[in-house]
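Engineer: got a sequence here, can you model it:
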Amino acid sequence: MRSPAEPAATEPELVVAQGFPALVWRFAEPVRLISSGPYGGGLGERAWVLNASVRAYYDGDPVGYLRTLAGELGCAGHGTALMTAVDVTGAVTVTDGPVRVTVTTGVGQPTYAAEFGGTAVTGERVGTINILGSLGVRVSDAGMINAVATATEAKTQALADAGVPGTGTCTDAVALWCGREGPEQVYGGPRSAIGAPLARAVYRAIRAGLETT
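Structural biologist: Take a look at the predicted model:
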């Protein structure tokens, strides 16, 4: 039985829209969420989350496309949407304590965050690493921001350990949501009560995703 401290949904629904698969989380009640997604990003309440596959080398209007896609899928209210050229049916989900994350891992064009010398982006495949998931407990705004940093650090650690030449891709995104009740967690760093399981879950999901990408 779901704890009252948990968000209303932690499992996504797999759907097909515009000929591509997508993962949709729909919440019975809006959840507090932080997202860097191109549509509905920011920090606040959201009623749904969408992670959509798009064609390789997508060069259209992400905001307009995701808005249309959400409407076609019946996503009502304010939500957030992410996109990736990776097939989201290959998403990896990992649970660690109260945290449950789903990650789509694409590293066809890895890059380092700080690049010097005008290194060109090359590669025959495209990809994006999208990290989405429930923190499972109530978290402060600062803790949510801290959690995004922790998830990103764990992503970079996983890529480094796998020998990927980069800290990610230039289009990686994160969407994390939390519960409404119970004691508020004010820290989300890698050694905090919520950050530690988040880091482990993200690391394991990305390592597993790299094995099948």
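Engineer: only C-alpha atoms from now on, for both contacts and neighbour counts.
Structural biologist: OK.
Engineer: residue nearest the centroid of the chain?
Structural biologist: residue 131 (2.3 Å; Cα atoms, centre = their mean).
Engineer: tell me where this protein has helices.
Structural biologist: 62-72, 141-161, 195-212 (DSSP state H).
Engineer: deepest-packed of those, please.
Structural biologist: helix 195-212 (a mean of 22; mean count of other Cα atoms under 10 Å).
Engineer: for this protein, what's the longest strand?
Structural biologist: The strand that spans the most residues within the chain, counting by DSSP state E, is strand 20-35.
Engineer: residue 162: neighbour count?
Structural biologist: 13 (other Cα atoms under 10 Å).
Engineer: ok, it touching residue 208?
Structural biologist: No: the criterion here is Cα atoms under 8 Å, and residue 162 misses it with residue 208 at 10.3 Å.
Engineer: who touches the longest strand of the chain?
Structural biologist: 7-16, 41-54, 75, 80, 87-89, 144-145, 173-180 (Cα atoms under 8 Å, 6 or more residues apart in numbering).
Engineer: hmm, 7 Å instead?
Structural biologist: 7-9, 11-16, 41-54, 87-89, 144, 174-179 (Cα atoms under 7 Å, 6 or more residues apart in numbering).
Engineer: give me the buried positions along that strand.
Structural biologist: 21-27, 30-35 (16 or more other Cα atoms under 10 Å).
Engineer: so which of the residues you listed is the closest to residue 66?
Structural biologist: Using Cα to Cα, the shortest approach to residue 66 within the buried residues of strand 20-35 belongs to residue 22, at 10.9 Å.
Engineer: bridging residues for that closest one?
Structural biologist: Note on residue 22: beta-bridge partners by DSSP bridges are residue 15, residue 52.
Engineer: distance of residue 74 from residue 180?
Structural biologist: For residue 74, the distance to residue 180 (Cα to Cα, to the nearest Å) stands at 25 Å.
Engineer: wait, I meant residue 55
Structural biologist: The value you get for residue 55 to residue 180, if Cα to Cα is used, is 36 Å.
Engineer: residue 74 and residue 180: who's more crowded?
Structural biologist: residue 180 (18 against 8).
Engineer: which residue packs closest to the more buried one, ignoring adjacent ones?
Structural biologist: residue 138 (5.2 Å; Cα to Cα, 6 or more residues apart in numbering).
Engineer: okay, now the one you found: neighbour count?
Structural biologist: 23.
Engineer: does it touch residue 179 like I think?
Structural biologist: Yes: under the criterion of Cα atoms under 7 Å, residue 138 makes contact with residue 179 at 4.5 Å.
Engineer: any low-confidence regions in the chain?
Structural biologist: 1-10, 118-126, 213 (pLDDT under 70).
Engineer: please repeat the previous calculation with a cut-off of 80.
Structural biologist: Flagging of the chain using pLDDT under 80 yields the residue ranges 1-10, 57-59, 117-127, 213.
Engineer: what sits against residue 85?
Structural biologist: Residue 85 touches 53, 54, 55, 56, 126, 127, 128, counting by Cα under 7 Å, 6+ apart.
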